[in-house]
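Enquirer: Please find the sequence and the predicted model below.
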Amino acid sequence: MSNIFLQTENPDDPGKAGLTIEQREVEGLSQGTIVRRRFLRHKGAMISIAILVLMVILVYSSIGIDIFGAHVPGWWQWGYLDQNAIVNHGNPTWVLPFNFGSHPFGQDEIGRDIFARVMRGAQQSIVVTLLFGGISAVIGVVIGALAGFYRGWVDQWLMRLTDLFIIFPILIIGAVLGRALGGLGAAALGAGLGLLGWTALARLVRGEFLSLREREFVDAARVAGASTGRIIFKHILPNAIGVVIVSTTLLMSGAILTEAALSFLGFGIVLPDVSLGQLINEYQGAFQTRPWLFWWPGLFIIIIALGINFIGDGLRDAFDPRQRRIPGGVGPYRQMGRVIAGWVRPRPTGAEPRSTTDTDVL
């Protein structure tokens, strides 16, 4: 039963007769309120946001952060480059649940603290992910909006440019950029990769603009004398923002995997700096003897990628009006009965029947 429409006559409010369950749920609410409520009801997205926020706080507060060439220290006692005396044969000193010891993630063969190195790697990977997603979103929205709005030769040229970027494997081009920009840090690598990752978003935005430009509100804006820029950015783009946001989150989840793959192959962040992928590459030979050197960076990659994916899934459900759900309750049929009971009151014995209740099951 993919969609259920209930049309009833409510004696308390005859104006609401014929409304569906979905329409009654959002009646009188603004679009922003509807999207926010749907998003907040998505448990996977809420849990992912909480986990990612806690992880970002841990990553940036533990070993500190570099701002404009100055280092702001954190609360962790070791740096990611410090070589210390090997404790506990390099094994993790974390005794569950809360006895962390001096090196909870262990040490490598020269005594460097793995916790500090994983925190630094997560910092670099987060920077690459954010820059990749932001730059790709800007380029993809601009190219897709111009192609979809103007059509004609503008559409042809911009889409052929998009096809040109699509045919080149991003991993190969990213390896070339990584070799050239990896030594400049995570910001340069993220910006370089962002120049390549916008093609899918551009095509999605173009399709949305091709559809929305023919709508009545665009014609009304033209008649009112609105400029082309205002029509694009004030009227059409807000109606396509759902596609933009969802696609950007998916780009960001793919960005951390791309960065990890490039760093694993040796074309990403280079020593002495570290990233999560570079740590996996550096310690891959220790997988059999000291697997914790391999597990921790891999775990953080999985947490970031899955968290962003769940947030994107929640945003998709929130922005897509076709994601219909029967309101709350233990089971769909029980809750449906409660909703119907609230709208259709029992008739007194012997009373004349009211208007019929039409149920259309699609």
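Expert: Right, received. Where do you want to start?

Enquirer: Return the distance of the lengthiest helix in the chain from the chain's centre.
Expert: Ordering each helix of the chain by length in residues (DSSP state H) puts helix 114-150 first. Helix 114-150 sits 11 Å away from the centroid of its parent chain (CA atoms, centre = their mean, to the nearest Å).

Enquirer: now swap in stretch 199-210 and tell me
Expert: 18 Å.

Enquirer: In the chain, which residue is most central in space?
Expert: The centre of the chain sits closest to residue 249, judged by CA atoms, centre = their mean, with a distance of 2.7 Å.

Enquirer: My guess is that one contacts residue 308. True?
Expert: Yes. The pair residue 249 / residue 308 is scored as a contact, 5.5 Å apart, by CB atoms under 8 Å. Every residue, glycine included, has its C-beta placed from N, CA and C.

Enquirer: Buried residues in stretch 302-310, which are they?
Expert: Neighbour-count burial for stretch 302-310 flags 304-305, 307-310 (criterion: 16 or more other CB atoms under 10 Å).

Enquirer: what residues does it touch?
Expert: 44-45, 47-49, 51-52, 55, 122, 125-126, 129, 249-250, 252-253, 256-257 (CB atoms under 8 Å, 6 or more residues apart in numbering).

Enquirer: Measure how whichever strand or helix holds residue 295 sits relative to helix 114-150, angle-wise.
Expert: Using DSSP states H and E, residue 295 sits in helix 292-319. Interaxial angle, helix 292-319 versus helix 114-150 (axes from the mean of the first three to the mean of the last three CA atoms, to 10 degrees): 30 degrees.

Enquirer: Averaged pLDDT, helix 292-319. What do you get?
Expert: The average pLDDT within helix 292-319 is 88.

Enquirer: What residue, apart from its backbone neighbours, is nearest residue 100 spatially?
Expert: residue 94 (5.2 Å; CB to CB, 6 or more residues apart in numbering).

Enquirer: what about that neighbour, how many neighbours?
Expert: By other CB atoms under 10 Å, 16 other residues sit near residue 94.

Enquirer: Residue 55 now?
Expert: Neighbours of residue 55 (other CB under 10 Å): 17.

Enquirer: Wait, it touches residue 122, no?
Expert: Yes. Residue 55 lies in contact with residue 122 (CB under 8 Å); the separation is 7.4 Å.

Enquirer: what touches both of the two?
Expert: What both residue 55 and residue 122 touch, as defined by CB under 8 Å, 6+ apart, is the set 300, 304.

Enquirer: Just give the closest residue to residue 308, not the sequence neighbours.
Expert: In space, and not counting its chain neighbours, residue 308 is closest to residue 253: 4.0 Å by CB to CB, 6+ apart.

Enquirer: same question, residue 56
Expert: Residue nearest to residue 56 in three dimensions, not counting chain neighbours: residue 126, with 6.9 Å by CB to CB, 6+ apart.

Enquirer: ditto for residue 120
Expert: residue 80 (4.0 Å).

Enquirer: Identify the residues contacting that neighbour.
Expert: Per CB under 8 Å, 6+ apart, neighbours of residue 80: 63, 112-113, 116-117, 119-120, 274.

Enquirer: hmm, 10 Å instead?
Expert: Going by CB atoms under 10 Å, 6 or more residues apart in numbering, residue 80 touches 63, 112-121, 123, 272-274, 279.

Enquirer: any weak-confidence spans in the chain?
Expert: Across the chain, the ranges flagged by pLDDT under 70 are 1-29, 320-362.

Enquirer: For residue 227, give its distance to residue 152.
Expert: 19 Å (CB to CB, to the nearest Å).

Enquirer: and what of residue 248?
Expert: For residue 248, the distance to residue 152 - CB to CB - is 28 Å.

Enquirer: of those two, who's got more company?
Expert: Taking neighbours as other CB under 10 Å, residue 248 and residue 152 compare with residue 248 leading, 23 against 8.

Enquirer: Contact partners for the residue nearest to the more buried one when sequence neighbours are not counted?
Expert: In this structure, residue 248 finds its nearest non-sequential neighbour in residue 137, 4.4 Å apart by CB to CB, 6+ apart. By CB under 10 Å, 6+ apart, residue 137 lies in contact with 194, 197-198, 201, 205, 244-245, 247-249, 251-252.

Enquirer: coming back round to it: ok, so of the contacts of residue 80, who is nearest residue 185?
Expert: residue 273 (6.8 Å; CB to CB).

Enquirer: All set, thanks.
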